[in-house]
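[1] quick one, fold the following:
(one chain, ligands or ions: 1)
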Amino acid sequence: MKLFTGDIKKLEQRIIELDQLSNRKMDKDTENIANYSFFELMVIYRYIVGIRLAKRKLILKRRTVPIHEDEKIRVKNFLDNKDFHHEIISIILDQVADDMDEFKFFEENINYSEDEMYNLIMKFLDSIESKELLLQVVNSKTLFCKNVGLLFDGIQVFDWLDKTSYILIDKNISDMTKIISIIHELGHSYDSNNLNSSNDLINYSKYSPYTEVMSKNYEKKFLDFLLDKKIGIKDAANLLESYYGNTIDSLKNIFLLTDLDDKYIEGNSYKRLKFNKLVKLLDNTESMQYLDNQITNFEDIDVTEDLRYGYGGILSCYFNYLERNDPEKYKYMYNNFLNYRTFEFNEDYFYKFVENNDILATAVKEEITSDLRKVEKELKLKRK
Ligand SMILES: [Zn+2]
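    So this is what the prediction gives:
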């Protein structure tokens, strides 16, 4: 079975169609959705053919593709809730910051044919009754695998008008990483397909700190699936290490930012701070303990990304934990999550789907611990 069926001609055609739509008379909402879809598809197209070629190949009405001014809004939203983030992340890091020391890296990288990748993803999706997600991108020829120079593992964009997902996976990553990246991106497809109003969706995808919850949850479920079915255990252990490692790194990054004065976060000026200056600024703060010597500046920290991947990681653990331990409560809380994940972070809404901070921290801790044990058992590792 062919997995990467992506058809560049079809993508070009759709971009031109969306571009020409702006000629026609339509209501404001539809126009917004068409415009946003156009920009989304341009993003993936530019990665596939390269920015220079993208300009020359398509004859568009629009000469320029504006860069969204959304970062300011996200930063403001972060600053408005800085104390909340500080408190909750403090509790979680307290519990799990050192746990990653127990994970070990393995060299494995099993090779999978496209057919084997397809079957493994299908088998997993079947277990969560979501086979149609892969079928949709394979059949509509919107799943691409190209060299993107390791800029990212995968990316998903959505055509909000005809509800089609476009996924691009980097050719340079290992096969198992390709598989989990597709699954992650399918989590985004699921998300995009299952929110009600398209305009809310656009705001959600632009501003919400929760955009990585569903995708991370798909990843987590897939890792559980590999461990339970004993498939590619060493690769799974590696992926688990990155799953938790990246989550904790993002939480540490955000935690450091919550201890900085607002003026360093506005306009991203923290990125230009020298390490010594940082040490001075963070002296006597709680986050000082997480200031790593390896980070010589804040260049790699990103308010938006770290917030999204941090909350994505912890909430996906939390929902996974609830689903296993208290299915009734899980249904209730997860449903609340779908209803209350407004695009602006809201503390009251947050506690509609998280009972309290301690439960959240316990869930993350328990997930890490139980995954560690499973890996140890499978690989017959001795505890340190
Ligand atoms: Zn994602």
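
[2] what mean pLDDT does stretch 118-127 get?
    Regarding stretch 118-127, the rounded mean pLDDT is 98.

[3] off-centre distance for the helix or strand Tyr244 falls within?
    Tyr244 belongs to helix 233-258 when assigned by DSSP states H and E. Chain-centre distance of helix 233-258: 12 Å, with Cα atoms, centre = their mean, to the nearest Å.

[4] where are the low-confidence patches of this structure?
    Counting by pLDDT under 70, the chain contains low-confidence ranges at 63-68, 102, 104-105, 196-199, 293-297, 381-384.

[5] ok, and for the helix holding Tyr244, which residues are buried?
    233-244, 246-258 (16 or more other Cβ atoms under 10 Å). Where you see a C-beta, it was placed from the backbone N, CA and C, and this is true even at glycine.

[6] equivalent analysis for stretch 33-53, please.
    Applying 16+ other Cβ under 10 Å to stretch 33-53 flags 33-42, 44-45, 47-49 as buried.

[7] now Lys10: how far from Glu378?
    42 Å (Cβ to Cβ, to the nearest Å).

[8] and Phe222, by the same measure?
    For Phe222, the distance to Glu378 equals 16 Å [Cβ to Cβ].

[9] okay, the two: which has more neighbours?
    Phe222 (26 against 15; other Cβ atoms under 10 Å).

[10] on that earlier part again, taking the buried residues of stretch 33-53 one by one, which sit in strands?
    The members of those all map outside strands under DSSP state E.

[11] same list, those residues, but only the ones touching the ion.
    Residues of the buried residues of stretch 33-53 in contact with the ion (Cβ under 5 Å from the ion): none.

[12] closest one of those to Arg62?
    Phe38 (7.8 Å; Cβ to Cβ).

[13] check the stretch 151-300 of the chain for the residue nearest the ion and tell me.
    Nearest residue of the stretch 151-300 of the chain to the ion, counting by Cβ to the ion: Ser215, 4.1 Å away.

[14] now that residue, nearest residue through space, not along the chain?
    Gly187 (3.4 Å; Cβ to Cβ, 6 or more residues apart in numbering).

[15] packing partners for whichever strand or helix holds the one you found?
    According to DSSP H and E, Gly187 maps onto helix 175-193. Where contact means 3 or more Cβ pairs under 8 Å, 6 or more residues apart in numbering; DSSP states H and E, helix 175-193 is packed against helix 114-127, helix 131-139, strand 154-159, strand 164-170, helix 213-229, helix 233-258.

[16] what residues does this structure put near the ion?
    By the rule Cβ under 5 Å from the ion, the part of the chain lying against the ion is Glu212, Ser215.

[17] how's the protein carved up into domains?
    The chain breaks down by automatic domain parsing into domains covering 1-67+142-172, 70-139+174-198+208-379.

[18] how long is the longest one from one end to the other?
    Start to finish, the residues bounding domain 70-139+174-198+208-379 are 46 Å apart (Cα to Cα, to the nearest Å).

[19] residue contacts, the closest residue to Arg62 other than its chain neighbours?
    Nearest residue to Arg62 in three dimensions, chain neighbours excluded: Asp19, at 6.2 Å (Cβ to Cβ, 6+ apart). Asp19 is in contact with Phe38, Leu58, Leu60, Lys61, Arg62, counting by Cβ atoms under 8 Å, 6 or more residues apart in numbering.

[20] separate out the buried members of those.
    The neighbour count (16+ other Cβ under 10 Å) marks Phe38, Leu58, Leu60 as buried among the contacts of Asp19.

[21] now do the helix holding Gly187: distance to the chain's middle.
    Helix 175-193 sits 9 Å away from the centroid of its parent chain (Cα atoms, centre = their mean).

[22] in it, what's buried?
    Buried positions in helix 175-193, judged by neighbour count with 16+ other Cβ under 10 Å: 175-192.

[23] show me what the helix or strand hosting Phe319 is packed up against.
    Element membership for Phe319 (DSSP H and E) is helix 303-325. Secondary-structure packing of helix 303-325 (3+ Cβ pairs under 8 Å, 6+ apart): helix 71-80, helix 82-96, helix 213-229, helix 233-258, helix 327-340, helix 357-379.

[24] dump the ones you listed into TSV; add distance to Arg24 as well.
    Formatted as TSV, those follow (distance: least, Cβ to Cβ, whole Å):
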stretch	distance to Arg24
helix 71-80	30
helix 82-96	44
helix 213-229	33
helix 233-258	42
helix 327-340	33
helix 357-379	48
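
[25] of all those, which one is nearest Ser316?
    Closest to Ser316 of those is helix 213-229 (Cβ to Cβ; 3.8 Å).

[26] tell me what that closest one is packed against?
    Packing contacts for helix 213-229, counted by 3+ Cβ pairs under 8 Å, 6+ apart, involve helix 114-127, helix 175-193, helix 233-258, helix 303-325, helix 357-379.

[27] ok and the next helix or strand after the second one relative to helix 303-325, angle-wise?
    Using DSSP H and E, the helix or strand that follows helix 175-193 towards the C-terminus is helix 198-207. When axes from the mean of the first three to the mean of the last three Cα atoms, to 10 degrees is applied, the directions of helix 198-207 and helix 303-325 differ by 110 degrees.
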